[in-house]
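Enquirer: Need a 3D model of the sequence below.
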Amino acid sequence: MDKDFSELVEYLDEKFQKTAAKEDLKDFAKKEDLEKFATKEDLKALAEKFVSLEEFDQFRTEVRGEFKELRLSIQNLTNAVDSLVKAVSDLRTEYVAICHQLTRHEKWIQQIAEKSGVKLEY
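Expert: Residues are numbered from 1 along each chain as shown. Have a look, this model is predicted:
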């Protein structure tokens, strides 16, 4: 009969050794710590601040439309700037041609003045 109790004592001793001591539990959450966690009401209030999937899809559709409009606007501006650059380039080419023509005319006038004996004053 002592043997039966000794087996029981050994069995219970093993079980008690595997249980946590008070020092082992000091790192677990205490009652004060648990009060800091979010409650169901807190989570419901937080969930109300998020948008629904339908609202997000509507927002995404609106943003995509605005991006398309913005892209079109940028393309129109780019085309306008290209037109202006071409106009300035054409004007520059014309200006260079006019300057050369003016130089030729001044040279001709100088030659005519020399042959006719007229002194030009600038």
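
Enquirer: average pLDDT across the biggest helix by length in the chain?
Expert: The helix that spans the most residues within the chain, counting by DSSP state H, is helix 53-116. The predicted model gives helix 53-116 an average pLDDT of 95.

Enquirer: chain center to it: distance?
Expert: The offset between the C-alpha centroid of helix 53-116 and the centroid of the whole chain comes to 31 Å, using CA atoms, centre = their mean, to the nearest Å.

Enquirer: what packs against it?
Expert: When contacts are defined as 3 or more CB pairs under 8 Å, 6 or more residues apart in numbering; DSSP states H and E, helix 53-116 packs onto no helix or strand at all. Every C-beta, even on glycine, is put in place using the N, C-alpha and C of the backbone.

Enquirer: Just the CA coordinates for stretch 80-95, please, in CSV.
Expert: Written as CSV, here are the backbone C-alpha positions of stretch 80-95 (Å, rounded to 0.1, in the frame of the first residue of the first chain):
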residue,chain,number,x,y,z
ALA,A,80,0.7,74.2,-76.4
VAL,A,81,4.3,74.6,-75.3
ASP,A,82,5.5,72.7,-78.3
SER,A,83,3.6,75.1,-80.6
LEU,A,84,5.1,78.1,-78.8
VAL,A,85,8.6,76.6,-79.1
LYS,A,86,8.0,76.1,-82.9
ALA,A,87,6.7,79.6,-83.3
VAL,A,88,9.8,81.1,-81.4
SER,A,89,12.1,78.9,-83.6
ASP,A,90,10.4,80.1,-86.7
LEU,A,91,10.6,83.7,-85.6
ARG,A,92,14.3,83.3,-84.8
THR,A,93,15.0,81.9,-88.2
GLU,A,94,13.1,84.8,-89.8
TYR,A,95,15.0,87.3,-87.6
